[in-house]
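Undergrad: Just to be clear, the model below is a prediction. Sequence and coordinates:
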Amino acid sequence: MLDFGAPTLIELKSTEDTAKLCSELGLKFIELNMSFPQYQPESMDVVALEKIKKDYGIYYTIHIDEALDPCSVNKGIAEVYTQTMLKTVEIAKKLQIPSLNMHLLRGIYVTLPHGRTYVYAENEQLYLDSFRVFRDKVTEAIGNADIRVSIENTDGFDLPFLRHALDLLLESQAFSMTFDIGHDHAVNNIDKPEILKRSDRLHHMHMHDAAGTKVHRALGDGEMNIQEYLNLAKEHNCRVVLETKTVEALKKSVAWLKDHGEM
């Protein structure tokens, strides 16, 4: 059976509240979201998190702050983001956290008569050089630990500089991929071929149903073929976050999985 986990839900005010819900629903892990103040490196109480982990028989993954951009053209800002990741790796080592989920940002664009022109696209070598430095620092920090930084598709890998960055990061075994199936559906499945080309590096999945561009729906509340993606997750032994935004939708997703013999 796959390991299914809960996202950080704004309705729940503490990690222990989420752990209690995981225990009730039969979920195996919590994805701690660093876009929330309580999950900043300086805010996380490793001793308390370890106790919750043991008390409720769960483990953690981490969703890196969605604003994290180690390729910022401001070198001071880029360094702060890199140090944030390195601090997170140290926390992951202490708590035996196997997966750190990360976005690739498109960055700033300029709207010209023919369309958007991205600053990173116009300065791709500088962008990739920054990612190479970031990759090597993170790889060294992880060392032999069983931790992967998993790159998530968000708005599509349609821009070449994003695909090039993904492949550069995947040159290190410290990096892998997350397939967010709902976001891919919302952009007409443009990411799926790119992910399947690199499917040997697929280790993590964000699963939610979608209808058109409306995402983060409970499983069964959209138009997606969820079973197809469950089969893909099984093939690659992915951890699966049921990435809803409400407790009600999370419970409904778990019920759907149980009804379909997946939990």
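TA: On my side now, so go ahead.
Undergrad: Return the set of buried residues in stretch 29-41.
TA: 29-34, 39 (16 or more other CB atoms under 10 Å). From N, CA and C alone the C-beta is placed, and that goes for glycine too.
Undergrad: Read off the pLDDT value for the residue nearest to residue 119 when sequence neighbours are not counted.
TA: Of all residues not flanking residue 119 in the chain, residue 108 sits nearest, at 4.7 Å (CB to CB, 6 or more residues apart in numbering). pLDDT recorded at residue 108 is 95.
Undergrad: likewise residue 1?
TA: 87.
Undergrad: Contact partners for it?
TA: Residues counted as contacts of residue 1 (CB atoms under 8 Å, 6 or more residues apart in numbering) are 262-263.
Undergrad: Provide a list of residues in contact with the closest residue to residue 49 other than its chain neighbours.
TA: Once flanking residues are discounted, residue 49 sits nearest to residue 95: 5.9 Å by CB to CB, 6+ apart. Listed by CB under 8 Å, 6+ apart, the contact set of residue 95 reads 46, 49-50, 53, 59-60.
Undergrad: before we move on, back to that, pretty sure the residue nearest to residue 119 contacts residue 118?
TA: Yes - if you go by CB atoms under 8 Å, residue 108 and residue 118 touch, sitting 7.4 Å apart.
Undergrad: hang on, the earlier thing: name only those of the contacts of residue 95 that count as buried.
TA: 49, 53, 59-60.
Undergrad: I'd like those written out as a markdown table, with pLDDT and secondary structure added.
TA: Below are the buried ones among the contacts of residue 95 laid out as a markdown table (pLDDT from 0 to 100; DSSP: H, G, I helix; E, B strand; the rest coil):
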| residue | pLDDT | secondary structure |
| --- | --- | --- |
| 49 | 98 | helix |
| 53 | 98 | helix |
| 59 | 98 | strand |
| 60 | 98 | strand |
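Undergrad: Next, give me the two most distant ones among those.
TA: Using CB to CB, the two most remote members of the buried ones among the contacts of residue 95 are 49 and 59, lying 10.3 Å apart.
Undergrad: so how far is residue 70 from residue 42?
TA: To residue 70, residue 42 is 19 Å away according to CB to CB, to the nearest Å.
Undergrad: Neighbour count: those two, which is higher?
TA: residue 70 (22 against 6; other CB atoms under 10 Å).
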